[in-house]
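K.L.:
Mind looking at a prediction? Sequence and model below.
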Amino acid sequence: MDVISTRSLTKYYGKTKGVADLTMSVPQGAVYGFLGPNGAGKTTTIRCLLGMLKPTSGSATLLGEAVSLDGADLRHHIGYVAGEVRLYEKETGRWHMQYAAGFRGGKGRLADELLERFEFDPSRRVRELSKGNKQKLALILALAHDPELLILDEPTSGLDPLNQETVYSVIEERVAEGRTVFLSSHVLSEVERVCDTVGIIRGGQLVAEEGVKALLGKRLRQVGVEFAEPVDPALLAQVPGVDNVTAISATSLTARARGDAVDALIKRVAERQVLDLHIQQASLEDVFLEYYRDTAEPVAAEGGEE
């Protein structure tokens, strides 16, 4: 079953495009990374999925039910962490948990476990909390009832590396039990760590959708070679798929290899006596910027956010 499905989902703010003709699907048990530059339409899409915005046209279904502005029952099965966490400053973490439990029909089976794993003190008032602790509270509120679908917008914002790792572990555990995750993040190493598939939105439109492994197969490699004798940079520049060849010295070159060009590059290098060779793989972020560089005009976001 597709836990998330959209068909030609479109949202305009007046004459300004928020998202246009978005068609995608996310199957049960998947971790789907939703990527794009600021202003691309990510937040607009999430708000339409949650029934917070009414689309101009098109449709969306979550967990097999049509999304509508009046969807309280459906939201009981969803956990949501907003890109900008907003809480009641005068209230404690425990108050927030009790408040959420009140309209969900119970405390939530993961509440105590999450408090312990995030080392969060629920007795403190929100106004006393750091950004990281506010983010922990938002995650606990979203996860405590063990929802079937998690929609996470920048879920590790403000967290230190240890707590980020806790978030990743919780996501992996929930997915192992059949839950589904829709993750929007600027931290592409995070997407690489937990996602199966990525959808890339630009200018309000889905421009690419690929498995993470396939996307990483396109990754670039930075190559550095130290030769025994002086060498002309053309030695590497003439290899198909190799660019940015730079002479560091008479005997030392650096270059960038795309995709499977590294094999031809190594064969060319082997024509000379080599003293040293190092190859560094580019990150998912480098691949994203190289293959899906944004050239579109930014789109408007409801409330000025994206």
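P.N.:
Cool, the structure landed.
K.L.:
Going along the chain, name the helices of the stretch 151-300 of the chain.
P.N.:
161-176, 188-194, 212-216, 234-237, 261-269, 284-291 (DSSP state H, counting those that start in this stretch).
K.L.:
Look at residue 21 and give its secondary structure.
P.N.:
Following DSSP: H, G, I helix; E, B strand; the rest coil, we place residue 21 in the strand state.
K.L.:
ok, it touching residue 58?
P.N.:
Yes - using C-beta atoms under 8 Å, residue 21 is in contact with residue 58, at 7.2 Å. Every residue, glycine included, has its C-beta placed from N, CA and C.
K.L.:
Need the overlap of contacts for those two.
P.N.:
Residues touching both residue 21 and residue 58 (C-beta atoms under 8 Å, 6 or more residues apart in numbering): 8-10.
K.L.:
So which of those is the closest to residue 190?
P.N.:
residue 9 (24.9 Å; C-beta to C-beta).
K.L.:
That closest one: which element?
P.N.:
Assessed by DSSP states H and E, residue 9 sits inside strand 2-13.
K.L.:
And that strand, what's buried?
P.N.:
The neighbour-count check on strand 2-13 (16 or more other C-beta atoms under 10 Å) flags 2-6, 9-12 as buried.
K.L.:
Repeat that for stretch 253-260.
P.N.:
Buried residues in stretch 253-260 (16+ other C-beta under 10 Å): 253-258.
K.L.:
which residues sit against that stretch?
P.N.:
217-218, 220-225, 227, 231, 233, 235-237, 239, 241-248, 265.
K.L.:
Same question for stretch 123-141.
P.N.:
Contacts for stretch 123-141 (C-beta under 8 Å, 6+ apart): 81-82, 85, 87-94, 96-97, 100, 111, 114-115, 118, 120, 122, 155-160, 163, 167, 170.
K.L.:
Please consider this matter closed, and thank you.
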